[in-house]
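*Asks:* Only the shape, not the letters, is given here:
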Ligand SMILES: [Ca+2]
């Protein structure tokens, strides 16, 4: 496993040092979970659910903890659907898997949603559950350009926690048969 980085990473860090993420600044640690600020970020797409940015999921910072199995990096790409100062996206090479740091959720059918861009092949979205099991929760067809994924549901029964308890999962994204770009990985943790 290698850290996600390219020669461009240093430039991304410089940008972020000037303008730190508001989401990161307001997040709060609860036990081993870091609960992000939740907002209706996909309301313009008719989705009223409350989402929080997965740690490092905007790829605007270096050392974000995401790891890859091969060629992947942060690239300058103006995926700017959510507005703000989003300047960087993750590029995943053909056949490469990108894995997130732990993401905080509870058991009431948490959701994953993000932006993806791929002109060929498909993008597989797996979830690594607390017991180490891995399930494929979505396989997305080529988009042709930046596109918001559907709501990707995690398997509630795999989380192994009681109502109201928090746990962590990892999101594992694989570019199958072609390279893809992703950005703005959000989770609706269902912690109401
Ligand atoms: Ca970004």
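*Replies:* Yep, that arrived. Every value quoted in this text rests on a predicted model; they were computed, and no experiment measured them. Residues are numbered from 1 along each chain as shown.
*Asks:* tally of neighbours for the nearest residue to residue 188 once chain neighbours are set aside?
*Replies:* What sits nearest to residue 188 in space, not counting adjacent residues and going by C-beta to C-beta, 6 or more residues apart in numbering, is residue 111, at 4.1 Å. No exception for glycine: its C-beta is placed from N, CA and C like everyone else's. Residue 111 has 21 neighbouring residues, counting by other C-beta atoms under 10 Å.
*Asks:* Within range of the ion, give me the residues from the protein.
*Replies:* 58-59, 86, 88, 183 (C-beta under 5 Å from the ion).
*Asks:* let's see 6 Å
*Replies:* 58-60, 86, 88-89, 183-184 (C-beta under 6 Å from the ion).
*Asks:* Please narrow those residues to those residing in strands.
*Replies:* Within the residues of the chain next to the ion, residues falling in strands by DSSP state E are 88-89, 183-184.
*Asks:* just the buried members of those residues?
*Replies:* Neighbour-count burial (16 or more other C-beta atoms under 10 Å) applied to those gives 88-89, 183-184.
*Asks:* now the helices for the protein?
*Replies:* 9-18, 22-26 (DSSP state H).
*Asks:* Compare these and say which comes out lowest on pLDDT.
*Replies:* In terms of average pLDDT, helix 9-18 trails the rest of these, at a mean of 30.
*Asks:* Pipe the ones in strands among the residues of the chain next to the ion into JSON lines and attach distance to residue 43 and pLDDT per row.
*Replies:* Below are those laid out as JSON lines (distance: C-beta to C-beta, whole Å; pLDDT from 0 to 100):
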{"residue": "88", "distance to residue 43": "24", "pLDDT": "93"}
{"residue": "89", "distance to residue 43": "22", "pLDDT": "94"}
{"residue": "183", "distance to residue 43": "18", "pLDDT": "95"}
{"residue": "184", "distance to residue 43": "14", "pLDDT": "95"}
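*Asks:* Tell me the one among these nearest to residue 156.
*Replies:* Nearest to residue 156 among those: residue 184, at 24.0 Å, using C-beta to C-beta.
*Asks:* my guess is that closest one meets residue 57, correct?
*Replies:* Yes. The criterion here is C-beta atoms under 8 Å, and residue 184 meets it with residue 57 at 6.5 Å.
*Asks:* Thank you kindly, that will do.
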